[in-house]
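In: Below: sequence and its predicted model.
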Amino acid sequence: MEDNMCGNRLDNCCSIFTAEVIALYRTLQLIDPQTPRKYCIYTDSMSVLEALENYNDRCHPVVCDIIDITSQLHGNGCDIQFCWKPSHLGITGNEQMDIAARSATIDLPLTVPLCDMKRVIQHHINSAWQESWNLQTNNKLHCVKPVIVARPVMTIWLHIVHTRFMHRHLLLGERECSRMYFL
């Protein structure tokens, strides 16, 4: 059996999950479809294995690529199994792969997945918002809430609805809301 190790650098915007699915995809690309054999691919990424098991049409684009290449290889008679192995337990292969990943210098030309770009953009927006908020030292609310935490959209909507009805009660003395609408 031949041991091959290679490492590529990904764009800094790529998540760890993206790096793990790309590693699995690149491993599948090394399989010769003309040589049907049994293959067992080991990974320490439970999240990737769960994504493959719970595949849907809105999953990570590289997970879709893994499903496609695995189907093609199965169609050519290759028997492929994915196995999970725990990481960082002194397993020689794991340690060697970690060293190869850290020392990778060759960039892998890859379009950064939209899900990763959304995360990076959201982080940038939150950081800029926090920097702006940090300058608002004379604002009384700043003392109460010095750190900004983004809320989910539904929570904000509920807060707005609650506030509107609460103000109606406080300002107009209305005890019941005769016009309450639910979506």
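Out: Noted; the coordinates are in hand.
In: those strands in this protein, which residues are they?
Out: In the chain, the strands defined using DSSP state E lie at 8-9, 38-43, 79-84, 106-107.
In: Out of those strands, which is closest to Glu50?
Out: strand 79-84 (9.6 Å; C-beta to C-beta). (Each C-beta comes from the backbone N, C-alpha and C, glycine too.)
In: relative to strand 38-43, how tilted is that closest one?
Out: Orientation check (axes from the mean of the first three to the mean of the last three C-alpha atoms, to 10 degrees): strand 79-84 against strand 38-43 gives 20 degrees.
In: Mean confidence (pLDDT) on strand 79-84, please.
Out: Mean pLDDT, strand 79-84: 90.
In: other SSEs contacting it?
Out: Applying 3 or more C-beta pairs under 8 Å, 6 or more residues apart in numbering; DSSP states H and E, one finds that strand 79-84 contacts strand 38-43, helix 46-53, helix 61-75.
In: which of the strands of the chain is buried the deepest?
Out: Most buried of these by mean neighbour count (mean count of other C-beta atoms under 10 Å) is strand 8-9; its value is a mean of 16.
In: if you average pLDDT over that strand, what comes out?
Out: Mean per-residue pLDDT for strand 8-9: 68.
In: that older thread, adding distance to Trp84, write the helices and strands packed on strand 79-84 out as CSV.
Out: Converted to CSV, these look like this (distance: least, C-beta to C-beta, whole Å):
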stretch, distance to Trp84
strand 38-43, 6
helix 46-53, 6
helix 61-75, 15
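In: quick one: which of these is nearest Asn138?
Out: helix 46-53 (44.7 Å).
In: Using PDB, list the CA coordinates for that closest one.
Out: What follows is helix 46-53, C-alpha atoms only, in PDB (Å, rounded to 0.1, in the frame of the first residue of the first chain):
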ATOM      1  CA  MET A  46     -17.900  13.800  12.300                       C
ATOM      2  CA  SER A  47     -19.600  16.900  10.900                       C
ATOM      3  CA  VAL A  48     -18.600  15.900   7.300                       C
ATOM      4  CA  LEU A  49     -19.900  12.400   7.800                       C
ATOM      5  CA  GLU A  50     -23.100  13.700   9.200                       C
ATOM      6  CA  ALA A  51     -23.500  16.100   6.300                       C
ATOM      7  CA  LEU A  52     -23.100  13.200   3.900                       C
ATOM      8  CA  GLU A  53     -25.600  11.100   5.800                       C
END
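In: Buried ones in that helix, by neighbour count?
Out: For helix 46-53, the neighbour count (16 or more other C-beta atoms under 10 Å) marks 48-49, 51-52 as buried.
In: got CSV for the strands of the chain, with distance to Ala128 too?
Out: Formatted as CSV, those follow (distance: least, C-beta to C-beta, whole Å):
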stretch, distance to Ala128
strand 8-9, 27
strand 38-43, 36
strand 79-84, 39
strand 106-107, 28
